[in-house]
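In: Build me a model from this:
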Amino acid sequence: ETGASFASKNLSQKSDEERSAVQVGDPFLEKLLMEATLECIRSGLVLAVQDMGAAGLISSSSEMAASGGVGIRLELEKVPAREDNMQPFEFMLSESQERMLMVVAPENWEKVKAIFDKWELDAAIIGKTTAGKNLEVTMNGQLFADVPAELLAKKAPRYVREQRAVPMRQAPREQTRLHELLARQDSAAISDFLTQLFSHPNLCSRRPIHRQYDTDIGLGRVIGPGQNACVVRVPESNLALALAIDGNGYYIAVEPYKGAQHTVAEALRNIAATGAVPLGLTNCLNFADPYVPENYWYFAEAVRGMSDACRHFGIPIVSGNVSFYNQSEEGPVLPTPTMGLVGLIENAELAVPAAPWEFSAPQELFLCGKFRPTQNASQYHYALGLPAGGPLAELDLDAELWGARTMAKLAQQKILTAAIDLSAGGFLRALLRMAFAAFTAHGQMPAIQLQPLAQITGGLCADTMLLGETAHCYLVAVAQQNAKALVEHSTPDFPVVHVGTLFSGGGQLQLEGLEITLEKIYQGWSGGLEPFFRGMAQ
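Out: A predicted model of the protein is given here:
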């Protein structure tokens, strides 16, 4: 069974027996394949190349033939295989992560083979192009298929399923737990409350996951995982790429159209916080049984929202993946489109981290962007066990785009020393993540002095201001001499408000006249995933 067909059936207790249907990627082998492929292309030895995606050879060969206006004849007995006695349909549909399909002139074959041998990879001639426009599939001289390639690649039927809208659930009442603790001036209780909140699996550090991988191989890393976006150098240039992945099934379950737009916008903010300009987006769309009208409505609305947001931002969707039937006897998963966005930084040295590279002098903190926080469908509510409800936070796509472009300008002008976008967990989580990133980078827990909340928000409840979620906003740090230059970029779509100061040592959060020790909160935040994983294993 292939990954594509496995992803198109309901999960059950028998699914554990079918794990081989899902390929286990080999990053090292993938790297070798990338290098060999690039070497062949740079050497001018390749006429066309296609990666192997869902549905394996049938997909890549038909797309290649249809795009080139040629026919392709495959001889399956020549395809390298790990299994014996495979049937023709298995050759055509099987998937593995580390394969490419190339068209090579006969006189260049030996040179291509030599390159793949050098990288210790298999390479084999498995067919040829033909004068027609059909995809022909043979095995041991027997013809098994002869189909117009365009029919498979470009003229597949479109299905319109029945949809049924799901009424939006209204959010629970606004929570005031933090507000009440601040009113009582109970710093110990606030510390306990924030420690427990930020140890939640959706809000805590992901370091136990990304530390399993070496991010320093090849010396290409500029900004590692755990900040806004990962930033890597482009070899033999001064360019860098920023990469971010975002998803929020909680939002989609409340308002799928607007929630999908929020997800694209968050990915945009993640790369914009580093100073990058977006290049392209890929996606992985995870939904339940599409034959259930409500499930299909979630899917259709999310795709529409993603598409409209990408058009507005001028971001092409270059690839994607759809996985349906993600449900079991316990019910469907949350509808979760995941976005992967790549952006370009013209000068790698200007990439903006989540904490200052150098931290000997205090840094002024500013909140940039249209700050419109709400507790609705927030991770604050989720962590408290409250049901998801809307409406979602305001989303102004024009303001979002203006903010992203402004962040790129600020990075180019060397005004920012650090930046982080506001998303899950709101302003306070962004503030703590910046402080914890500084601790990780410099080995000393910083101190944060916040302005009175009323000066920042104009009367919002403390819970909403600090833990509510908003679009189009960034928390940035600047050297004191750059504060004026930052404020000069303030516009109605990108207001700039001074919110406090970040000091290189001290380990305290000064909040409404209280001093909250950061070390305890950090321990909860940094260790939140481990007990969660232990619980899953049991």
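In: residues near N85, how many?
Out: Using other Cβ atoms under 10 Å, the number of residues around N85 comes to 6. Every residue, glycine included, has its C-beta placed from N, CA and C.
In: Need the pLDDT of it.
Out: pLDDT for N85: 86.
In: so where's the protein uncertain?
Out: By pLDDT under 70, the low-scoring segments of the chain are 1-25, 97, 217-219, 536-538.
In: Now do the most centrally placed residue in it against P337, distance only.
Out: Computing the C-alpha centroid of the chain and ranking residues by Cα atoms, centre = their mean puts I245 first, at 0.7 Å. Remark: distance between I245 and P337 (Cβ to Cβ, to the nearest Å) = 11 Å.
In: Nearest spatial neighbour of H210, chain-adjacent residues omitted?
Out: Once flanking residues are discounted, H210 sits nearest to P225: 3.9 Å by Cβ to Cβ, 6 or more residues apart in numbering.
In: Do I have it right that that neighbour meets Q212?
Out: No: the criterion here is Cβ atoms under 8 Å, and P225 misses it with Q212 at 10.5 Å.
In: Looking at those two, which is more packed in?
Out: Neighbours of P225 and Q212, each counted by other Cβ under 10 Å, are more numerous for P225; the result is 15 against 7.
In: check contacts around that one.
Out: Going by Cβ atoms under 8 Å, 6 or more residues apart in numbering, P225 touches 206, 210, 215.
In: how close does the second one sit to A171?
Out: Between H210 and A171 the distance, using Cβ to Cβ, works out to 32 Å.
In: which one of the two has more residues nearby?
Out: Applying other Cβ under 10 Å to H210 and A171 shows that A171 carries more neighbours, namely 20 against 13.
In: just checking, the more buried one touches L392?
Out: No: using Cβ under 8 Å, A171 is not in contact with L392, being 9.3 Å away.
In: joint contacts of those two?
Out: 374, 376-377.
In: Count the residues that sit near the residue nearest to L395 when sequence neighbours are not counted.
Out: Once flanking residues are discounted, L395 sits nearest to A471: 4.7 Å by Cβ to Cβ, 6+ apart. Using other Cβ under 10 Å, A471 has 27 other residues around it.
In: from memory A471 sits against V264, does it?
Out: No: A471 is beyond contact range of V264, at 10.6 Å (criterion: Cβ under 8 Å).
In: which residues are in contact with both of the two?
Out: Common neighbours of A471 and V264 (Cβ under 8 Å, 6+ apart) do not exist.
In: So which bits of stretch 340-358 are buried?
Out: Residues of stretch 340-358 classed as buried: 340-345, 348, 350-356 (neighbour count, 16 or more other Cβ atoms under 10 Å).
In: again, but for stretch 197-212
Out: For stretch 197-212, a neighbour-count test (16+ other Cβ under 10 Å) marks 197-200, 203-205, 207 as buried.
In: Mind jotting down where the helices sit in the stretch 201-350 of the chain?
Out: Ranges of helices in the stretch 201-350 of the chain, per DSSP state H, counting those that start in this stretch, are 207-210, 249-254, 256-272, 293-313.
In: next one: the stretch 401-538 of the chain
Out: Under DSSP H, counting those that start in this stretch, the stretch 401-538 of the chain gives helices at 426-442, 453-457, 462-467, 483-487, 518-526, 529-537.
In: quick one: the fifth one to chain centroid distance?
Out: Meaning helix 518-526. In terms of Cα atoms, centre = their mean, to the nearest Å, the centre of helix 518-526 is found 25 Å from the chain centre.
In: what does the second one give?
Out: The chain centroid and the centroid of helix 453-457 are separated by 32 Å under Cα atoms, centre = their mean.
In: what's it in contact with?
Out: So helix 453-457 is in contact with 367, 371, 450, 460, 462, 465-466, 497, 499, 512, going by Cβ under 8 Å, 6+ apart.
In: hey, C-alpha coordinates of that helix in PDB?
Out: Only the C-alpha atoms of helix 453-457 are listed here, as PDB (Å, rounded to 0.1, in the frame of the first residue of the first chain):
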ATOM      1  CA  LEU A 453      -0.400  47.800  31.200                       C
ATOM      2  CA  ALA A 454      -2.900  50.600  31.000                       C
ATOM      3  CA  GLN A 455      -0.300  52.700  29.100                       C
ATOM      4  CA  ILE A 456       0.100  49.900  26.500                       C
ATOM      5  CA  THR A 457      -3.500  48.800  26.000                       C
END
